[in-house]
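**Student:** Sequence first, predicted coordinates after that:
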Amino acid sequence: MTSFDPDKLPGAHALVYLESRLRDVPDFPKPGILFKDITPLLADPRALHITIDLLAERFVGERIDLVVGIESRGFIFGGAVATRLNAGFVPVRKLGKLPWKTDRLTYALEYGEAELEMHVDSIPRGARVLIVDDVLATGGTASAAAELARRQGGVVAAFAFVVELDFLAGRSRLDGDDDGTRPAVYSLVHVGG
Ligand SMILES: O=P(O)(O)OC[C@H]1O[C@H](OP(=O)(O)OP(=O)(O)O)[C@H](O)[C@@H]1O
Ligand SMILES: Nc1ncnc2[nH]cnc12
């Protein structure tokens, strides 16, 4: 019997391994949506480790001050990446969860609409921010998080995702700042096209 050891495989194979740890769930949470379920990846210690390593390695040396993680699945990866980069962590949460004064934004995502909040004193002016989430679909969620960070004077240096649904073209919404800053958009696993 052959066993699979991703430690012995080069990068591209590691990504194939990560993709194999995603579960497709048709028609969740609505008919017509193919949901990419990350829970098998989370439950696999090797896959989880590789994911955090790859997300963090890309931004070593990029002077990231703060990782912004988006509730809820973005918290899992964002917190771990922040510790690797010696950066702080800022939560962006769904409406009504943050206890202090907030700024908020209504946004649309692949299967609905919601409101995101960030504490008003989360980001010092000029801080370099990395926005982390599990999935980039339409880009509505990530662009809302970026807008909240920019309103406080943060510089969105980059976005990082575990999975990108290429066919929804979400990256086209993750445009640059008014000052001409063009954030990098980095995803490990690409789906469709
Ligand atoms: O690119 P978009 O079309 O905006 O979709 C991506 C967002 O959708 C999912 O979050 P969801 O709101 O389902 O929340 P959850 O992480 O709490 O499950 C996912 O975790 C991203 O945050
Ligand atoms: N198809 C999808 N699968 C998982 N998370 C998502 N968030 C938005 N669209 C999604």
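**Tutor:** Thanks, I have it. Residues are numbered from 1 along each chain as shown. Ligands and ions are numbered 1, 2, ... in the order given.

**Student:** hang on, isn't F75 packed against V68?
**Tutor:** No. With contacts counted by CB atoms under 8 Å, F75 stays clear of V68, the gap being 10.5 Å. Bear in mind the C-beta positions are built from the backbone N, C-alpha and C, glycine included.

**Student:** okay, those two: which has more neighbours?
**Tutor:** Set side by side, F75 and V68 show more neighbours around V68, with 29 against 18, by other CB atoms under 10 Å.

**Student:** Tell me who's in contact with the more buried one.
**Tutor:** 78, 89-92, 118, 123, 129-132, 145, 149 (CB atoms under 8 Å, 6 or more residues apart in numbering).

**Student:** can you redo these as CSV with distance to ligand 2, pLDDT and secondary structure?
**Tutor:** Converted to CSV, those look like this (distance: CB to the nearest ligand atom, whole Å; pLDDT from 0 to 100; DSSP: H, G, I helix; E, B strand; the rest coil):
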residue, distance to ligand 2, pLDDT, secondary structure
G78, 15, 98, helix
F89, 21, 99, strand
V90, 21, 99, strand
P91, 18, 98, strand
V92, 15, 98, strand
M118, 20, 98, strand
I123, 24, 98, coil
V129, 21, 98, strand
L130, 19, 98, strand
I131, 15, 98, strand
V132, 14, 98, strand
A145, 13, 98, helix
A149, 20, 98, helix
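
**Student:** Selection in ChimeraX covering whichever of the residues you listed are buried, please.
**Tutor:** To isolate the buried ones among those in ChimeraX, judged by 16 or more other CB atoms under 10 Å, type:
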select :78,89,90,91,92,118,123,129,130,131,132,145,149
